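1. this is a predicted model, with the sequence first.
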Amino acid sequence: MDEQHEADYLKGLNNPQKAAVLQTSGPVMIVAGAGSGKTRVLTYRIAHMIASGIDPFNILALTFTNKAAKEMRKRIENVVGSEAKNIWMGTFHSVFAKILRFEAGKLGYPSNFTIYDTDDSKSLLKTIIKELKLDDKAYKPNVVLNRISAAKNSLITHKMYQNADELTSYDSVSGKPEIAKIYNLYAKRCFMAGAMDFDDLLLKTFELFTTHIDVLNKYQHKFQYVMVDEYQDTNHCQYMIVKKLAAVNENICVVGDDAQSIYSFRGATIRNILNFEKDYPDLKVFKLEQNYRSTQTIVNAAGSIIAKNKDQLEKKVWTSNQLGEKIKVLRAVTDNEEGRFIAQSIFEEKMKHQSAHTDFAILYRTNAQSRSLEEALRKLNLPYRIYGGQSFYQRKEVKDLLAYLRLTVNHKDEESLKRVINYPARGIGKTTLDKIQLHASEQGVSWWDIVCNAEVFPNLGAAKSRLADFATKIKSFATMLATNDAYELSMHIAKSTNLLKSLYDDKTVEGISRYENVVELLNGIKEFVEDDSSELEKNLGVYLQDIALITDSDKDDGSDDKISLMTIHAAKGLEFPFVYISGMEENLFPSQMSTGSRKDLEEERRLFYVGMTRAERKLTLSYANSRFRFGQLLPCEPSRFIGEIVNDFIELDKKAFVKRSDGDKPEFNRFNKRKSESTEKSNLQNKYGRTNQKQTTRSLPPPIVNFVPDDTTEIKVSDVVEHQRFGKGKVVLLDGDFGNKKATIEFDEYGKKQLVLKFAKLRFVKN
DNA sequence: TACTAAGCTCTTTTT
DNA sequence: GAGCTTAGTA
């Protein structure tokens, strides 16, 4: 390798970074704090490996998101050129799916197996629960799926589950004793349909490597160097597969930060990173602790938050960046007002610093929070883009066409079959479908078998010929698979099923947008066919495999100058000069689902930490006194996390405490409108799926007098006050200084509570 | 069989 | 508010 060149790319690195890049063999763990140049180190490390003669074909790099994989590939290409194409780089799911395509036959699956997304899985579970005549209140598809998913991530197959007393007795106690049975049936039905769900992609890979040693050997030999990004987010199953792959060469490098472990709901266990040393005694550990991203204020405030967690690796993140502005805290009366404050603030900052829209990000805990923010941004004509949330591929019209495509490739795909068997309507109604369902479960055959042999089954009556026509149609598509590329075939299917025309004929606003979405899907397929950067075949099967694991946030349109809206989870790995974290309310962030145990709360805190450390220059936190959820206006407490930040780092925004004018009153008349409007909308959505259009008005919350730092109101011991949530109470103690004054209040109902007055929502009660 | 109106339920994060 | 189901009707 060119010595001069090596000096070039190592020049910009600090000492631990350089050491981590140069240590290319043996087991390595890089503990990388937020903003410490992790991606840079990984990139240069791979570049360095290739430059020192390691064949890119022998390198496997696993990431969690397609975005991260793409970004890394791009950056490596910049350093080493086109050789980077040959690295096996991708998400766990996509890399394992690729392996499974090759080896599916060994597990009894067809190589063109379908990948079920979450919707497919839930829908299948729903039919199973119905077939077993179980109470659908106790057995919610979501809950059952989580349970099955957790089992799969812990390498517990449906056969093992039945005998796992601990699991089944837990199910019994929680009123769901039949989960083992459902899991069993679910696994069988997936197998029968030639389908794998997301978790199967991991579980089946593990099974493959366990039952077929020759296959394992092949991949162990192929992947001489294994690298895992975001190692703190791996679950047990992923950990075991990686361990197996690296067992021979032991050239394994994991990169992670225990303080950023935020995926335990997906089975990620922080143990994997804490215990890595035990697996590899020769381990070399490199710690990247200098933060290059954020101001001192943000780094220190974030550090003081994360220090409250007990489970962590020893590490001190620091920065030599400038001190920077204080963290701003905005308080609003409702979520709508919160949206207005944020939009207004972005508008002002943008003017002040002549910043681009891409410099701003609004982060939140749940996707549902985006609604009020969107509305406010639209009113100020600020362009924005939402990442995540409902994906393009989940729209009804897109899923419908995809279902035809999937069914063409894999006739056994039951979820797709059900979706399109009577769409567009061809006279195969509910009665017929019920009969098919009955036959299928009685005879243990698939829906496709019945559709193909309709004449054999009794009671199908007039529907027989219609079913036969449908089967003939799908079969005729399948014969075109070998001779036509993905685009030609998709176009043919869209036209000959009348799907395209029926959407085209609908000239309503929603209809036009639906038509455009299907056209966009078809254009996407065309692009896939015309893209000659990859050597993959251009047939439909390969295309479907390609998009099954792609999510909306992976679509790149970074060229647009827009404000980014996303959950904190989705913001991982990104950075923005100005970051707003909205909805800093107790039970929302930290989520009420997770405040049950210390461990859960610690994960929420890590999540908050991740959100804070996305900000380079300025961080703004906001919360509302009340928020609409499920059509109900609910009172909110400010998040305990705001109180946890050391006071020196934060500044309350005065603007938020200005008295509201009467012009702020929302309209109530919306509720007097004809009821049929909402019904009409609901039916339309039922028929065509969700549309983008969201228009809402909210009602005014009850007025609350707040104590703010510049409030002249004095509060004294023995005053009687009323709290928005805790009710009536008497002030028994006052302490703390100005701006951080605390009151201990003895509430009639809840006993003694200490409240920070600047956050409390109280009013005096006349005695 | 297809469509409409009304009623019920819904609480997180993602591949 | 929004999605989804069900009963009732054409």
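-> Now that the structure is in, tell me what you want to look at. Residues are numbered from 1 along each chain as shown, chains lettered A, B, ... in the order given.
2. smallest gap between chain A and DNA strand B, at which residue?
-> Nearest residue of chain A to DNA strand B: A:G429, at 2.5 Å (C-beta to the nearest atom of the strand). The way it works is simple: take the backbone N, C-alpha and C, and place the C-beta from them, glycine included.
3. how far away is whatever residue of the stretch 401-550 of chain A ends up closest to DNA strand C from A:W447?
-> At 9.1 Å from DNA strand C, A:K430 is the closest residue in the stretch 401-550 of chain A, using C-beta to the nearest atom of the strand. Applying C-beta to C-beta, to the nearest Å, the value for A:K430 to A:W447 is 15 Å.
4. list the contacts for the nearest residue to the residue of chain A closest to DNA strand B once chain neighbours are set aside?
-> Computed as C-beta to C-beta, 6 or more residues apart in numbering, the closest residue to A:G429 that is not its neighbour in sequence is A:N422, at 6.9 Å. A:N422 sits next to A:I428, A:G429, A:L433 when contact means C-beta atoms under 8 Å, 6 or more residues apart in numbering.
5. which parts of the stretch 1-150 of chain A sit against DNA strand C?
-> Taking C-beta under 7 Å from any atom of the strand as the contact definition, the stretch 1-150 of chain A meets DNA strand C at A:K126.
6. any weak-confidence spans in the stretch 1-150 of chain A?
-> Counting by pLDDT under 70, the stretch 1-150 of chain A has low-confidence residues at A:1-7.
7. where along it do the strands fall?
-> Ranges of strands in the stretch 1-150 of chain A, per DSSP state E, counting those that start in this stretch, are A:28-32, A:59-63, A:88-91, A:114-116.
8. dump those to JSON lines, plus mean neighbour count.
-> What follows is these, written out as JSON lines (neighbours: other C-beta atoms under 10 Å):
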{"stretch": "strand A:28-32", "mean neighbour count": "26"}
{"stretch": "strand A:59-63", "mean neighbour count": "25"}
{"stretch": "strand A:88-91", "mean neighbour count": "21"}
{"stretch": "strand A:114-116", "mean neighbour count": "24"}
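9. and the residue of chain A that's closest to DNA strand C?
-> For chain A and DNA strand C, the shortest gap (C-beta to the nearest atom of the strand) falls at A:G631, measuring 2.3 Å.
10. now do the phi/psi pair for that residue.
-> Dihedral angles of A:G631 (phi, psi; degrees, to the nearest 10) stand at phi 70, psi 10.
11. and it, how many neighbours does it have?
-> A:G631 has 5 neighbouring residues, counting by other C-beta atoms under 10 Å.
12. same question, A:D282
-> For A:D282, using other C-beta under 10 Å, the count is 9.
13. how much space separates it from A:E516?
-> 57 Å.
14. also A:K399?
-> 16 Å.
15. which one's more surrounded, the two?
-> Neighbour count, other C-beta under 10 Å: between A:K399 and A:E516, A:K399 has more, with 20 against 12.
16. tell me which residues are up against whichever strand or helix holds the more buried one.
-> Using DSSP states H and E, A:K399 sits within helix A:396-409. Residues outside helix A:396-409 that contact it (C-beta under 8 Å, 6+ apart) are A:112, A:114, A:119, A:392-393, A:413, A:415-417, A:419-420, A:423, A:474, A:477-478, A:481, A:489-490, A:493-494, A:497, A:499, A:503, A:514-515, A:517-518, A:521-522, A:540-541, A:543-544, A:688-690.
17. next: stretch A:452-467.
-> A:R426, A:G427, A:I428, A:G429, A:T432, A:K435, A:I436, A:H439, A:I450, A:V451, A:A468, A:A471.
18. of these, select the buried ones using a PyMOL command.
-> Applying 16 or more other C-beta atoms under 10 Å to the contacts of stretch A:452-467, the buried members can be selected in PyMOL as follows:
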select buried, chain A and resi 426+428+432+435+436+439+450+451+471
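19. can I get the contacts of stretch A:452-467 in JSON lines with distance to A:A34 and secondary structure?
-> Shown next, in JSON lines, are the contacts of stretch A:452-467 (distance: C-beta to C-beta, whole Å; DSSP: H, G, I helix; E, B strand; the rest coil):
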{"residue": "A:R426", "distance to A:A34": "55", "secondary structure": "coil"}
{"residue": "A:G427", "distance to A:A34": "59", "secondary structure": "coil"}
{"residue": "A:I428", "distance to A:A34": "55", "secondary structure": "coil"}
{"residue": "A:G429", "distance to A:A34": "56", "secondary structure": "coil"}
{"residue": "A:T432", "distance to A:A34": "57", "secondary structure": "helix"}
{"residue": "A:K435", "distance to A:A34": "58", "secondary structure": "helix"}
{"residue": "A:I436", "distance to A:A34": "54", "secondary structure": "helix"}
{"residue": "A:H439", "distance to A:A34": "57", "secondary structure": "helix"}
{"residue": "A:I450", "distance to A:A34": "55", "secondary structure": "helix"}
{"residue": "A:V451", "distance to A:A34": "54", "secondary structure": "helix"}
{"residue": "A:A468", "distance to A:A34": "61", "secondary structure": "helix"}
{"residue": "A:A471", "distance to A:A34": "56", "secondary structure": "helix"}
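20. ok but A:K730 is inside a strand, no?
-> Yes: per DSSP: H, G, I helix; E, B strand; the rest coil, A:K730 lies within a strand segment.
21. would you agree it is in contact with A:V720?
-> Yes: with contacts counted by C-beta atoms under 8 Å, A:K730 reaches A:V720, the gap being 5.4 Å.
22. if I pick A:A97, what's in contact with it?
-> A:A97 makes contacts with A:I115, A:L201, A:Q545, A:A548, A:L549, as judged by C-beta under 8 Å, 6+ apart.
23. how far away is the fourth one from A:I115?
-> Okay, so that is A:A548. From A:A548 over to A:I115 the distance is 4 Å, taken as C-beta to C-beta.
24. same thing with A:F608?
-> Applying C-beta to C-beta, the value for A:F608 to A:I115 is 33 Å.
25. close to DNA strand B: what parts of the stretch 401-550 of chain A are there?
-> Residues of the stretch 401-550 of chain A lying near DNA strand B by C-beta under 7 Å from any atom of the strand: A:N422, A:A425, A:R426, A:G427, A:I428, A:G429, A:K430, A:T431, A:T432, A:A463, A:L549.
26. TSV please, covering these and showing pLDDT.
-> As requested, these are arranged in TSV below (pLDDT from 0 to 100):
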residue	pLDDT
A:N422	84
A:A425	79
A:R426	81
A:G427	81
A:I428	83
A:G429	80
A:K430	79
A:T431	81
A:T432	84
A:A463	78
A:L549	82
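27. closest one of those to A:A343?
-> When those are ranked by distance to A:A343 (C-beta to C-beta), A:L549 comes first, at 34.5 Å.
28. what's the neighbour count on that closest one?
-> Neighbour count of A:L549, defined by other C-beta under 10 Å: 20.
29. that one reaches A:I115, doesn't it?
-> Yes: here A:L549 reaches A:I115: they are 6.9 Å apart, a contact under C-beta under 8 Å.
30. enumerate the residues of the stretch 251-400 of chain A near DNA strand B.
-> A:I262, A:Y263, A:F265, A:R266, A:R365, A:T366, A:N367, A:A368, A:G388.
31. filter these down to the ones near DNA strand C?
-> Filtering those for proximity to DNA strand C by C-beta under 7 Å from any atom of the strand leaves nothing.
32. lowest-pLDDT helix or strand in chain A?
-> Lowest on mean pLDDT, DSSP states H and E among the helices and strands of chain A sits helix A:676-688, with a mean of 55.
33. following element in sequence after that one, please.
-> For helix A:676-688, the succeeding helix or strand toward the C-terminus, using DSSP H and E, is strand A:720-723.
34. what lines up beside that following strand in the sheet?
-> Within its sheet, strand A:720-723 is paired with strand A:727-735 (antiparallel), strand A:762-764 (antiparallel), according to DSSP bridges.
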